[in-house]
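Novice: Below are the sequence and a predicted model; questions follow.
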Amino acid sequence: MERPSLEINLPNTPEEGKLYVVDSLNNLNKLNVCPEESQHVLDEEDENTGGTAEYTAWSNIRNQCLFFVTLILTLIVSLALVSFVISLIIQTRNRMDQLSNRLIFEKKNIEELKKMNNMILKHLNQSGIKE
């Protein structure tokens, strides 16, 4: 967004006055184009780095590398969590199978004990032993 340059015709003003007016217009233009804080930041970047294009390129490369490293770490952590959950599910299923087999075995033992109890009661009733 470019603004048209301001042309001021000062024929009777001495050279010092013209320079003052131009300097004032430049300061006003800086205030209108950039806020004061961002102008200081831009000035410092220009002084600290030889060129802003190189700084921006390295910054973009560094940001991309950081993004990919973060992405890879996130994928590794999520893969580890998924494998942990799957192993927990498998262990739980194995234990449930063991418990169900044990319950079935105990149920068979209880049924055999009931049959033996019934046989003993029949034998006692047939032999005539009563209390």
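Specialist: Thanks, I have the structure now.
Novice: For the rest of this, base every contact and every neighbour count on C-alpha atoms.
Specialist: OK.
Novice: got the contact list for Leu79?
Specialist: Leu79 sits next to no residue when contact means CA atoms under 8 Å, 6 or more residues apart in numbering.
Novice: right, and the secondary structure at it would be what?
Specialist: helix (DSSP: H, G, I helix; E, B strand; the rest coil).
Novice: ok, so what distance separates it from Asp97?
Specialist: Applying CA to CA, to the nearest Å, the value for Leu79 to Asp97 is 27 Å.
Novice: again with Asp23
Specialist: The spacing between Asp23 and Asp97, counted by CA to CA, is 88 Å.
Novice: so where's this protein uncertain?
Specialist: Within the chain, the segments meeting pLDDT under 70 span 1-20, 22, 29-53, 129-131.
Novice: count of residues packed around Gln64?
Specialist: Using other CA atoms under 10 Å, Gln64 has 12 other residues around it.
Novice: separation between it and Val77?
Specialist: Computed as CA to CA, the Gln64 to Val77 distance reads 20 Å.
Novice: how about Leu71, secondary structure?
Specialist: The three-state label given to Leu71 by three-state DSSP is helix.
Novice: can you map out the strands along the chain?
Specialist: Under the criterion DSSP state E, the chain carries no strands.
Novice: Tell me where it has helices.
Specialist: Assigned helices in the chain, in chain order: 15-33, 36-48, 52-127 (criterion: DSSP state H).
Novice: Okay then, goodbye and thanks.
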